[in-house]
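# Fold the following, please.
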Amino acid sequence: MGNGVTVGAVPPNGVVGRRVNGSSGMSGLNGKSWVEYGAIDDAIIEKMKDDEDDAVRLQGAKELNQAVKDMPDLSPLMPQMRLFLNFLDSALDERNPSAVLLVLEIHSRLTEGLRARLKPHLRTLVASVLGRCTADEPTVVRAEAMKTMR
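Coordinates of the predicted model:
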């Protein structure tokens with residue numbers, strides 16, 4: 001790829017992440033050598049998977065949102081986009097509306113940054129986002145979900 005990052009398909013052993021060789025130039029990695037979904041620091045994903053602490057999950061959502069915003073090119077996410085969207089869908093089940101809003105912002109960034117390249121994943125994306133448009137969701141969450149679909 002030229003930036004020191006090894007790129008490839010999902011390995012047959014089911015590992016979703018990949019090793020980063022040398023200095024990757026990817027922001028948010030803080031010297032880490034393993035990334036999830038093609039470009040996301042594994043420590044961020046681990047925070048979002050923390051079942052015990054809502055504050056840790058919220059911090060993970062903030063860091064993931066910032067990491068995606070800081071990516072000048074979202075292409076590294078493409079080989080594992082379906083898996084990444086599934087992960088984001090599960091993150092939308094969060095109890096904390098602030099975390100849900102951050103994940104919806106990530107969806108917006110993906111749709112803006114990838115446009116036509118996201119077309120094969122539209123069914124997953126639309127189902128995930130529209131699921132946040134129910135009357136049970138806070139108004140601010142429904143509004144952000146509708147903004148994402150624009």
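# where does this structure dip in pLDDT?
Along the chain, segments meeting pLDDT under 70 span 1-33.
# where does the residue with the largest distance to the centre of it land in three-state SS?
Relative to the centre of the chain, the most outlying C-alpha is that of Ala135, 25.0 Å out, by CA atoms, centre = their mean. Here Ala135 is recorded as coil under DSSP: H, G, I helix; E, B strand; the rest coil.
# Was I right to think Asp42 contacts Lys49?
No: with contact defined as CB atoms under 8 Å, Asp42 does not reach Lys49; the gap is 10.3 Å. (C-beta placed from N, C-alpha, C; glycine too.)
# So the two - more neighbours on which side?
Applying other CB atoms under 10 Å to Asp42 and Lys49 shows that Asp42 carries more neighbours, namely 16 against 13.
# Next up, phi/psi of that one, please.
Main-chain torsions, Asp42, degrees, to the nearest 10: phi -60, psi -30.
# Against Asn65, how distant is it?
In this view, Asp42 and Asn65 are 17 Å apart by CB to CB, to the nearest Å.
# Please apply the same query to Asn86.
Asn86 is 18 Å from Asn65, by CB to CB.
# Kindly report the same for Leu83.
According to CB to CB, Leu83 and Asn65 sit 18 Å apart.
# higher neighbour count, the two?
Using other CB under 10 Å as the criterion, Leu83 and Asn65 rank with Asn65 on top: 19 against 15.
# can I assume the more buried one sits in a helix?
Yes: under three-state DSSP, Asn65 falls within a helix.
# Strands along this structure, start to end?
18-19, 34-36, 40-41 (DSSP state E).
# With mean neighbour count and distance to Ala145 added, can I get those in a markdown table?
A markdown table is the format used below for the strands of the chain (neighbours: other CB atoms under 10 Å; distance: least, CB to CB, whole Å):
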| stretch | mean neighbour count | distance to Ala145 |
| --- | --- | --- |
| strand 18-19 | 16 | 31 |
| strand 34-36 | 20 | 24 |
| strand 40-41 | 24 | 22 |
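# Using TSV, lay out those strands together with distance to Thr148.
Putting the strands of the chain into TSV (distance: least, CB to CB, whole Å) gives the following:
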stretch	distance to Thr148
strand 18-19	28
strand 34-36	22
strand 40-41	19
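# burial count for the residue nearest to Glu46 when sequence neighbours are not counted?
Once flanking residues are discounted, Glu46 sits nearest to Gly60: 7.5 Å by CB to CB, 6 or more residues apart in numbering. With neighbours defined by other CB under 10 Å, the count for Gly60 comes to 22.
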